[in-house]
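Trainee: Sharing a model prediction with you, sequence too.
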Amino acid sequence: MRFGVHLGPQGLEMDELRDAWRQIEDLGFDWISVWDHFYAAAPPWEQPSFEATVVHTALAMETSRVRVGCLVYSTGYRHPGVLANAGVAIDHLSKGRFEIGLGAGWHQTEYDAYGIPFEPPAVRLRRMAEYAEVVRRLWTEDSVDFQGEFYKLEQARCDPKPLQRSPRIWIGARGPRALALAGQVGDAWNIAYVSPEQFGHSYEVVRANCPRPAEFVAGVNVGLMGELSESDRREFLIRRYGSAEAGVVDGILEGSSARMIDRVGQYQDAAAEWIIIALRAPIEEEVLVRFATEVIPAFAAPQD
């Protein structure tokens, strides 16, 4: 079991993000990721949000040990060749710590505002699958000829190659068709705010469609909340999740450290390999420190 933090670049100044990344790494987490949105992805909706590829690059430069990822890049926002080449630069800047997540996209407000077609779900999923193939081939082949439904490449090159042989491609997926695709085209799968039971059932679908299940990696993004009264708990959920709060409560670690340890153990039993704490501004630093110092050690590998 490994642990990370997913911190959306929303509602924070760049210096605040950089300070947070350094603190998260110093606390012993093994992963930090950002998200890919042009607008706020969570309430309050008027908050500004930095662009993902630039923030991903800054994250790589600000840290020295953690895996640096994005959960997830929307495949409707950039040509796969653009993201593949950007990913190579981030991999070199991070000395091989780069992780990439891909998703079909969901925030229609952004698509509509920028005039990007918001395709039907089945079309977006086919685009995502094709996108993953193009990115992987650009990273591993000298030149790529590709004729697909959405993309056409003719002797396309991506040089230099990543420092890693091929950076791990995470697929963010939830519905049955998307879960099947995650197993087929990804190296890893991520889902957010689900219970251990939901995680386990979903992962069964992913693994059933995975050609190399022994090499596959799975992780879950979970919220983090301290020991709060019922009224404060309700306020916390509404402030961070708005009308979506009812759909995320099963995927939040909350309460005492012992209670969190028990919940993390349930995810571990469901075959999760990564627990990634999804943070949103304002960051509850005290709870994060407690998680790092009291919960994570309970899952440390035994020493010989």
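Mentor: Looks like it came in fine.

Trainee: contacting residues around the helix or strand of the chain with the lowest mean pLDDT?
Mentor: Lowest mean confidence among the helices and strands of the chain (mean pLDDT, DSSP states H and E): helix 230-241, at a mean of 88. Under the criterion CB atoms under 8 Å, 6 or more residues apart in numbering, residues Ala42, Pro43, Gly223, Met225, Leu228, Glu245, Val248, Val249, Glu254, Arg280 lie in contact with helix 230-241. C-beta coordinates here come from the backbone N, C-alpha and C atoms, glycine included.

Trainee: Name the spans of this structure whose pLDDT lies under the cut-off.
Mentor: 302-304 (pLDDT under 70).

Trainee: redo that, cut-off 50
Mentor: Within the chain, no range satisfies pLDDT under 50.

Trainee: for it, what spans make up the strands?
Mentor: 2-7, 31-34, 67-70, 73-74, 100-103, 144-147, 152-156, 169-172, 188-192, 217-225, 252-254, 274-279 (DSSP state E).

Trainee: mind putting those strands in CSV, mean neighbour count and distance to Ala298 included?
Mentor: As requested, those are arranged in CSV below (neighbours: other CB atoms under 10 Å; distance: least, CB to CB, whole Å):
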stretch, mean neighbour count, distance to Ala298
strand 2-7, 22, 11
strand 31-34, 27, 18
strand 67-70, 26, 21
strand 73-74, 26, 33
strand 100-103, 27, 27
strand 144-147, 14, 46
strand 152-156, 13, 48
strand 169-172, 26, 25
strand 188-192, 23, 23
strand 217-225, 23, 16
strand 252-254, 21, 13
strand 274-279, 23, 12
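
Trainee: Take these and lay them out in CSV including distance to Glu235.
Mentor: Output for these, formatted as CSV (distance: least, CB to CB, whole Å):
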stretch, distance to Glu235
strand 2-7, 21
strand 31-34, 26
strand 67-70, 30
strand 73-74, 31
strand 100-103, 30
strand 144-147, 50
strand 152-156, 50
strand 169-172, 28
strand 188-192, 21
strand 217-225, 11
strand 252-254, 14
strand 274-279, 17
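
Trainee: circling back: please point out which parts of the least confident helix or strand of the chain sit buried.
Mentor: Under the neighbour-count criterion of 16 or more other CB atoms under 10 Å, helix 230-241 has Arg233, Phe236, Leu237, Arg240, Tyr241 buried.

Trainee: likewise stretch 19-30?
Mentor: Quick answer for stretch 19-30 (16+ other CB under 10 Å): Ala20, Trp21, Gln23, Ile24, Glu25, Leu27, Phe29, Asp30.
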